[in-house]
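Q: please work out how this folds:
(one chain, ligands or ions: 1)
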Amino acid sequence: MIDSSDLRMKRIPLNHGIGQMPALGFGTLIPDPAVTIAATRDALEAGFRHFDCAERYGNEREVGRALQAGLAAGRIARADLFVTTKLWNTNHRPERVEPAFEASLDRLGLEYLDLYLIHTPFAFRPGDDQDPRDQNGNVFYDRDVTLLDTWKAMESLVDHGKCRAIGLSDITLNGLLTIYESARIKPAVVQVESHPYLPEAELLEFCQGKGVAFLAFAPLGHGIKPGLLEDPVISAIAARVEKTSAQVLLAWAVQRGTAVLTTPKSAARARENFDISTLPQDAFDEINRIQTRQRLNQVVKTGVPGFIP
Ligand SMILES: NC(=O)c1ccc[n+]([C@@H]2O[C@H](COP(=O)([O-])OP(=O)(O)OC[C@H]3O[C@@H](n4cnc5c(N)ncnc54)[C@H](OP(=O)(O)O)[C@@H]3O)[C@@H](O)[C@H]2O)c1
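A: So this is what the prediction gives:
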């Protein structure tokens with residue numbers, strides 16, 4: 001294999017905020033609290049410095065505990081970490097944005113966030129119920145707030161200094177364009193599902209043209225079987241370059257200029273997923289030619305999270 005260290009250390013410049021975002025990120029969508037703490041600790045140990053959280057994951061306290069333990073051990077400084085969390089759909093009303101942000105910050109035990117994302121462009125009925133539905137199971141959407149109203153409240157967080165950068169998640173290119181054109185502070189990051197079965201080429205091209213960082217989730221296809229990890233092209237490349245399928249998929253994502261979030265839940269997998277290296281050009285091109293198309297998470301269509309139990 002060629003050059004083993006470049007992709008692991010790659011950083012993506014942001015159009016605002018301080019510093020850059022490590023391309024390789026650890027996702028904290030982990031339902032079990034004890035597993036959250038152990039997996040976050042293992043990710044830190046393995047070398048991950050970018051942590052993706054969300055109010056909706058219900059485990060910011062546990063992620064915070066693991067990060068605090070890492071910081072207290074003294075080998076890692078807060079400035080070395082890049083921590084993101086997300087505003088949930090029930091908090092889109094402008095007056096709810098800062099309280100939701102402060103509550104997340106408090107649960108994480110941090111004094112500032114590197115990145116705050118609007119989790120989805122769908123506003124749900126405001127309140128404590130994160131999944132408000134009528135008796136037929138239909139979501140109560142909130143029609144009295146626009147995404148731009150919410151975005152302006154996000155911009156104020158940057159003005160006040162506790163949040164370094166802001167962005168969007170689960171957004172389409174059209175949705176991004178609407179905010180991009182009107183925003184005083186342009187989105188720094190867009191987080192969407194992306195992998196070889198969902199390359200999102202048009203959105204990626206727009207982001208790269210405008211200096212918006214593209215952050216891919218479910219790069220391993222969320223571990224759904226059969227899926228990307230068993231794809232014959234990926235498996236054959238993995239055998240050829242003496243890496244695992246997971247390492248090939250993560251390397252491809254970083255090599256195409258995106259940042260990526262993965263959720264290893266054991267120390268061995270954390271080390272494996274961090275240990276990526278540049279793919280030979282022919283392997284990279286072969287992955288780009290995969291024709292299978294599949295969206296695994298429908299959150300982008302409804303705002304209802306696909307992978308949260
Ligand atoms: N914005 C959004 O709406 C949104 C939606 C979804 C996710 N996200 C973010 O993106 C992050 C990543 O998404 P994801 O969890 O779908 O990522 P992923 O890494 O594609 O999928 C995780 C799954 O892959 C398996 N896995 C991890 N490493 C592996 C390896 N080396 N070999 C084989 N299997 C492996 C895990 O299995 P085990 O469980 O057995 O370890 C788990 O089932 C989330 O944690 C979250 O932060 C955001």
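Q: burial count for the one residue in the stretch 1-150 of the chain that gets nearest to the ligand?
A: In the stretch 1-150 of the chain, the residue that lies nearest the ligand is residue 27 (2.2 Å; C-beta to the nearest ligand atom). Bear in mind the C-beta positions are built from the backbone N, C-alpha and C, glycine included. Counted with other C-beta atoms under 10 Å, the neighbours of residue 27 add up to 26.
Q: same question, the one 5 residues further on
A: By other C-beta under 10 Å, 12 other residues sit near residue 32.
Q: got it, and residue 9?
A: Per other C-beta under 10 Å, the neighbour tally for residue 9 reads 11.
Q: pLDDT score assigned to the residue of the stretch 1-150 of the chain closest to the ligand?
A: pLDDT, residue 27: 98.
Q: just checking, it touches residue 216?
A: No: taking contacts as C-beta atoms under 8 Å, residue 27 lies outside contact range of residue 216: 10.4 Å.
Q: what do the two both touch?
A: Common neighbours of residue 27 and residue 216 are listed as residue 261 (criterion: C-beta atoms under 8 Å, 6 or more residues apart in numbering).
Q: remind me which residues of the protein are low pLDDT?
A: For the chain, applying pLDDT under 70 flags the ranges 1-5.
Q: residue numbers of it in contact with the ligand?
A: Contact residues, the chain versus the ligand (C-beta under 6 Å from any ligand atom): 27-29, 52, 169-170, 191, 217-223, 229, 244, 246, 261-265, 269, 272-273, 297, 299, 305, 307.
Q: now, which of these lie within strands?
A: 27, 52, 169, 191, 217, 261-262 (DSSP state E).
Q: okay, buried residues for stretch 23-31 please.
A: Across stretch 23-31, burial judged by 16 or more other C-beta atoms under 10 Å covers 23-30.
Q: and what of stretch 45-57?
A: Within stretch 45-57, the residues that qualify as buried by neighbour count (16+ other C-beta under 10 Å) are 46-57.
Q: next: stretch 230-243.
A: Applying a neighbour-count criterion of 16+ other C-beta under 10 Å, the buried positions in stretch 230-243 are 231, 233-234, 237-238, 241, 243.
Q: could you do stretch 162-182 as well?
A: By neighbour count on 16+ other C-beta under 10 Å, the buried set for stretch 162-182 is 162-173, 175-176, 178-180.
Q: where do the helices of the stretch 51-200 of the chain begin and end?
A: With DSSP state H, counting those that start in this stretch as the criterion, the stretch 51-200 of the chain has helices at 60-72, 94-108, 147-160, 173-182.
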